[in-house]
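K.L.:
fold the stuff below for me.
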Amino acid sequence: MTTIVPGGNTHRGAPDRRDAGGCVRGSDYAVLSRQVKRAGLLARRPGYYWVKAATNLLLLAAGWAAFVLIGPSWWQLAVAAFLAAAFTQTAFLGHDAGHQQISGSRRVNVLLGRLHGNLLVGLGYGWWVAKHNRHHAHPNQVDRDPDIATGAIAFTRQSARARRAPGAWLARHQAWLFFPMLLLEGFHLHLAGVRALVGRGATSRANTSGTTRLVEGGLLLAHAAGYLTVLFWVLAPVQAVGFLLLQQGLFGLYLGCSFAPNHKGMPIFGKDHKSDFLRRQVLTARNIRGGRITDFALGGLNYQIEHHLFPSMPRPNLRRAQALVRAFCTRNDIAYCETSLTGSYAQVLRHLHAVGGPLRPELEY
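P.N.:
Next up is the predicted model:
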């Protein structure tokens, strides 16, 4: 089981950072960053992204064209599965835009993020960027990382113990319910984006501008109106509902299965924990082994360590950066976690099962 690392420092003793001339080279991260920059791995890859965006648009267009041509039929459930995958691939591009990976212009990245997130997929880009940036700043840190905050899933035993029914029942069985619950993730993300636009809480700070609210709200409304109109215009009501539930359910499942292996089951830091940037990012992340198919299926998130160290690095450069980062971690005695996709899911489920352990009195903990 993953335990919480209390306040303190994860340094195992600072290595010698002097070069051959005896000059101090800076922090470990500064040294690694210079290596990565010299290798040209932070350079933009606009050609890759324009081809990627064009391909995704063609896939979306093909899916909706097939939807219209097939008409009122239960064969549309196959189209729903196809569009769930296309939506997820589109969301991956929105993720890259949010990290400023696509263009050197912030305006261009924001525009692409809103088009891919709000308009094409129906996810609130501004809300997601604000939340995701907090996660990147403090991954797996209690009370600082929103991805392990109190919610449907309990990620620490302290959180599980504080639950009352029905939350306690959910925490008891969360390892068994984790993947089925991901079928609801798409709906949750849609609603969270809307709440951020109309609310006044911390989750909507990035959307305080009236113009931003108007633009993002308008794009979300356009997506919802277009999506629902097409569904109920072409299909019988019961078929439209079935299509919506399957397409959005598989979309959430695919997204959840892509993000879950990255940090769940890795060390969790207490809220007062102190560590340097490099170790904070590496020790809390997990890479997934695989080839080009894995890279495509997971949208580059399988290189989670490299992505957290260099969030603005274009997706196609992450594979090349891995060798540099892994070798650097080995030289500096920093644990570098890499496993198979199925192995990562097993670690996630074991962690969730152990977290709910105190709520299962029939067993000893």
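
K.L.:
report all helices and strands that whichever strand or helix holds Asp96 contacts.
P.N.:
Using DSSP states H and E, Asp96 sits within helix 76-98. Applying 3 or more Cβ pairs under 8 Å, 6 or more residues apart in numbering; DSSP states H and E, we find helix 76-98 packed against helix 46-70, helix 106-114, helix 125-137, helix 237-263. Where C-beta positions appear, they are placed from N, C-alpha and C, glycine not excepted.

K.L.:
out of those helices, which gets nearest to His308?
P.N.:
Across these, His308 has its closest neighbour in helix 125-137 (6.4 Å, Cβ to Cβ).

K.L.:
next helix or strand past the closest one?
P.N.:
Following helix 125-137 toward the C-terminus (DSSP H and E): helix 157-161.

K.L.:
packing partners of that following helix?
P.N.:
Packing partners of helix 157-161 (3+ Cβ pairs under 8 Å, 6+ apart): helix 167-172, helix 341-355.

K.L.:
let's see that with 7 Å instead.
P.N.:
For helix 157-161, there is no helix or strand it packs on, judged by 3 or more Cβ pairs under 7 Å, 6 or more residues apart in numbering; DSSP states H and E.

K.L.:
and the contacts of that helix?
P.N.:
150, 154, 171, 355-356, 358-359 (Cβ atoms under 7 Å, 6 or more residues apart in numbering).

K.L.:
which one of the helices and strands packed on helix 76-98 lies closest to Ser275?
P.N.:
Nearest to Ser275, of all those, is helix 125-137, at 12.7 Å by Cβ to Cβ.

K.L.:
now do the contacts for Tyr303.
P.N.:
Shown in contact with Tyr303 (Cβ under 7 Å, 6+ apart): 287, 318-319, 322.

K.L.:
do that again at 10 Å, thanks
P.N.:
Residues near Tyr303 by Cβ atoms under 10 Å, 6 or more residues apart in numbering: 262, 285, 287-288, 294-295, 309-310, 313, 315, 317-322, 325, 338.

K.L.:
what's the answer for Gly252, then?
P.N.:
Gly252 touches 84, 87-88, 181-190, counting by Cβ under 10 Å, 6+ apart.

K.L.:
please apply the same query to Arg107.
P.N.:
Contacts of Arg107 by Cβ under 10 Å, 6+ apart: none found.

K.L.:
how close does it get to Gly94?
P.N.:
From Arg107 across to Gly94, the span is 16 Å (Cβ to Cβ, to the nearest Å).

K.L.:
cool, Gly249 as well?
P.N.:
Gly249 is 20 Å from Gly94, by Cβ to Cβ.

K.L.:
repeat for Phe178
P.N.:
Going from Phe178 to Gly94 by Cβ to Cβ gives 24 Å.

K.L.:
now do Arg163
P.N.:
33 Å.

K.L.:
which one of these two has more residues nearby?
P.N.:
Ranked by neighbour count (other Cβ atoms under 10 Å), Arg163 and Gly94 place Gly94 first, with 21 against 17.

K.L.:
ok, that one touching Gly126?
P.N.:
No: using Cβ atoms under 10 Å, Gly94 is not in contact with Gly126; the gap is 11.4 Å.

K.L.:
give me the nearest residue to Ala224, chain neighbours excluded.
P.N.:
Nearest non-adjacent residue to Ala224, counting by Cβ to Cβ, 6 or more residues apart in numbering: Gly122, 6.3 Å away.

K.L.:
mind checking the SS state of the one you found?
P.N.:
Secondary structure for Gly122, judged by DSSP: H, G, I helix; E, B strand; the rest coil, is coil.

K.L.:
tell me the pLDDT at it?
P.N.:
Note on Gly122: pLDDT of 97.

K.L.:
which helix or strand in the chain has the lowest average pLDDT?
P.N.:
In the chain, the helix or strand scored least confidently by mean pLDDT, DSSP states H and E is strand 4-5, which has a mean of 62.

K.L.:
circling back: pull out the buried residues from the contacts of Gly252.
P.N.:
With burial judged by 16 or more other Cβ atoms under 10 Å, the buried subset of the contacts of Gly252 is 84, 87-88, 181-183, 185-186, 189-190.

K.L.:
nice, that's everything, thank you.
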